[in-house]
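> here is a sequence with its predicted model. Questions after.
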Amino acid sequence: MQEKKLAIIATKGSLDWAYPPFILASTASALGYDTEIFFTFYGLQLLKKNLSLEVTPLGNPGMPMPMNMDKWFPVMLTALPGMQSMMTTMMKKKMADKGVASLEELRELCQEAEVRLIACQMTVDLFDMNPGDFIDGIEYAGAARFFEFAGESDICLYI
């Protein structure tokens, strides 16, 4: 029987969008999938050694907020200075209270489970990113390399 494959494209660089690729990839690998995540554009933030990701409620109407704020708090006020920092702090506290692993832990788990983490070389070049800012153990490749794997994958996710 041929091994199942999961290909993930990670394009977002915010705290709330950072968890899905790592959780799905580590779970798939634990279930025996050959797994690869291709990080492009803002998703490359997830590969940095020093993570300083934030979450923003602005433009994210599905985000549950404390005290049912999502029901009565005007969306426009979420753009006020300090709201993003406040929401990030609240999200991190909630995750810690619920025992959710940190992004650093999830990344390490993925690497230990042999999930291939691929940084889009074109995006690294486009934004003049320094490869020294990224964690060790990642690969650099272009979209064509990703399609070699994705074209044979059983599941391909865009996150």
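Cool, the structure landed. Residues are numbered from 1 along each chain as shown.
> alpha carbons only for contacts and neighbour counts from here, please
Will do.
> surely I37 is in contact with I9?
Yes: checked against Cα atoms under 8 Å, the pair I37 and I9 is within contact range at 5.8 Å.
> so if I had to pick from the two, which one is more boxed in?
I37 (26 against 19; other Cα atoms under 10 Å).
> tell me which residues touch the more buried one, please.
By Cα atoms under 8 Å, 6 or more residues apart in numbering, the contact set of I37 is 7-10, 21, 25, 115-118.
> in strands, which of those fall?
Within these, residues falling in strands by DSSP state E are 7-10, 116-118.
> what stretches of this structure score poorly on pLDDT?
For the chain, the stretches with pLDDT under 70 are 1, 57-82.
> now the strands for the protein?
For the chain, the strands defined by DSSP E occupy 5-10, 34-39, 116-120, 139-141, 155-158.
> counting by contacts, list what the last one packs against.
Right, strand 155-158. Here strand 155-158 touches strand 5-10, going by 3 or more Cα pairs under 8 Å, 6 or more residues apart in numbering; DSSP states H and E.
> kindly recompute the last result at 10 Å.
When contacts are defined as 3 or more Cα pairs under 10 Å, 6 or more residues apart in numbering; DSSP states H and E, strand 155-158 packs onto strand 5-10, helix 15-30, strand 34-39, helix 143-150.
> got the buried residues for the last one?
What that stands for is helix 143-150. 146, 149-150 (16 or more other Cα atoms under 10 Å).
> how far off centre is it?
The chain centroid and the centroid of helix 143-150 are separated by 19 Å under Cα atoms, centre = their mean, to the nearest Å.
> do stretch 44-56 as well
On the basis of Cα atoms, centre = their mean, stretch 44-56 sits 8 Å off its chain's mean C-alpha point.
> got the end-to-end distance for it?
18 Å (Cα to Cα, to the nearest Å).
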